[in-house]
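Undergrad: I need the structure of the sequence given here:
(one chain, ligands or ions: 3)
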Amino acid sequence: MWRRVARLSSLIRSSKASLSNQIPPANGLQILEAFSTEIQKSAKGRNHHREKPPFITFVLGGPGSGKGTQCLKIVETFGFSHLSAGDLLRKEISSNSENGAMILETIKEGNIVPSELTVKLIQREVESSENDKFLIDGFPRTEENRRTYERVVSVGAEPNIVLFFDCPEEEMVKRVLSRNQGRVDDNIDTVKKRLENFNALNLPVINYYSEKGKLYKIPAVGTEDEIFSRVRKIFTSLEVLSMLSPQFSIPIGVIWFTLTNLL
Ligand SMILES: Nc1ncnc2c1ncn2[C@@H]1O[C@H](COP(=O)(O)OP(=O)(O)OP(=O)(O)O)[C@@H](O)[C@H]1O
Ligand SMILES: Nc1ccn([C@H]2C[C@H](O)[C@@H](COP(=O)(O)O)O2)c(=O)n1
Ligand SMILES: [Mg+2]
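TA: Ligands and ions are numbered 1, 2, ... in the order given. Here you go, the predicted model:
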């Protein structure tokens, strides 16, 4: 309730500020009309009211399994927006936000940041984007992450699909230790802890989505392009089945061809 009041008064403040620059003296009704239009515009910029829920893909896999690498290719080919939970948390650290120090310590230890915080960062990005299809990379990492997301997010609380990059531990460790991007968690001790957490906390989430029939398990060994050819088939078949672009309708024969030849 108080958050809504604060949000409304901030909208009113910003609308007043922009109005004072734009509107010549006018009668009360004109001012009221312009004021209300400004509030609507301002609210739209912050939270895109969609006619239908966005298409949500959760992207899961152990540390170094290639989630981020494949997400970039999906963005290029299929026009998704990529939201990496880890990147959003790292942005909080580098912007010296009030939770920055706690997030840094948690990531250094290979542990999981409190769900409310991560969900808030993801929700903010989804709501302020005009896109209608998202890759949420590295989330949910725990059952608690998943439940918090379902509780807090009202639109698109359930993912449409979940990708799981399945990679042997040895390969993941090798990739992380040669990543060379200056990440505080790319060292052998933290990687061991992240793998422990992946097995204990993330695998149950992966099993949950498998039981719901939403999981696409992708073998993640091979070249980046070989792996992407597996990923491409999934999104191409979703496109053909009109799930990614509902205005695109196709004959049943094409659907049958896709099911039998691409999958
Ligand atoms: N198929 C591949 N073969 C070899 N190396 C790869 C492959 N895919 C990605 N890599 C490399 O492995 C490293 C880890 O990849 P990436 O950052 O995409 O993993 P991730 O799953 O996002 O990891 P994290 O959970 O730690 O963020 C990167 O240096 C990337 O260039
Ligand atoms: N849902 C999440 C996602 C990430 N984190 C923290 C802990 C991870 O080790 C770190 C890096 O994430 P990555 O870039 O590897 O996806 O960020 C978390 O606490 N909760
Ligand atoms: Mg990553």
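Undergrad: tell me the pLDDT at the residue nearest to the spatial centre of the chain?
TA: The centre of the chain sits closest to Ile136, judged by Cα atoms, centre = their mean, with a distance of 2.4 Å. With respect to pLDDT, Ile136 scores 98.
Undergrad: checking it next. Helix, strand or coil?
TA: strand (DSSP: H, G, I helix; E, B strand; the rest coil).
Undergrad: check Gly222 too.
TA: coil.
Undergrad: okay, it and Phe80: tell me how far apart.
TA: Distance, Gly222 to Phe80, using Cβ to Cβ, to the nearest Å: 22 Å. Using the backbone N, CA and C atoms, a C-beta is placed for each residue, glycine as well.
Undergrad: more neighbours: which of those two?
TA: Ranked by neighbour count (other Cβ atoms under 10 Å), Gly222 and Phe80 place Phe80 first, with 23 against 12.
Undergrad: does Phe198 touch Gly64 like I think?
TA: No - assessed by Cβ atoms under 8 Å, Phe198 is found out of contact with Gly64, at 10.4 Å.
Undergrad: where does the prediction get shaky in the stretch 151-263 of the chain?
TA: 245-263 (pLDDT under 70).
Undergrad: show me where it has its helices.
TA: 169-177, 188-197, 203-211, 224-240, 252-261 (DSSP state H, counting those that start in this stretch).
Undergrad: closest one to Leu121 among those helices?
TA: Closest approach to Leu121 among the helices of the stretch 151-263 of the chain (Cβ to Cβ): helix 203-211, 18.4 Å.
Undergrad: for the closest one, name the packing helices and strands.
TA: strand 55-61, helix 143-152, strand 161-166, strand 215-219 (3 or more Cβ pairs under 8 Å, 6 or more residues apart in numbering; DSSP states H and E).
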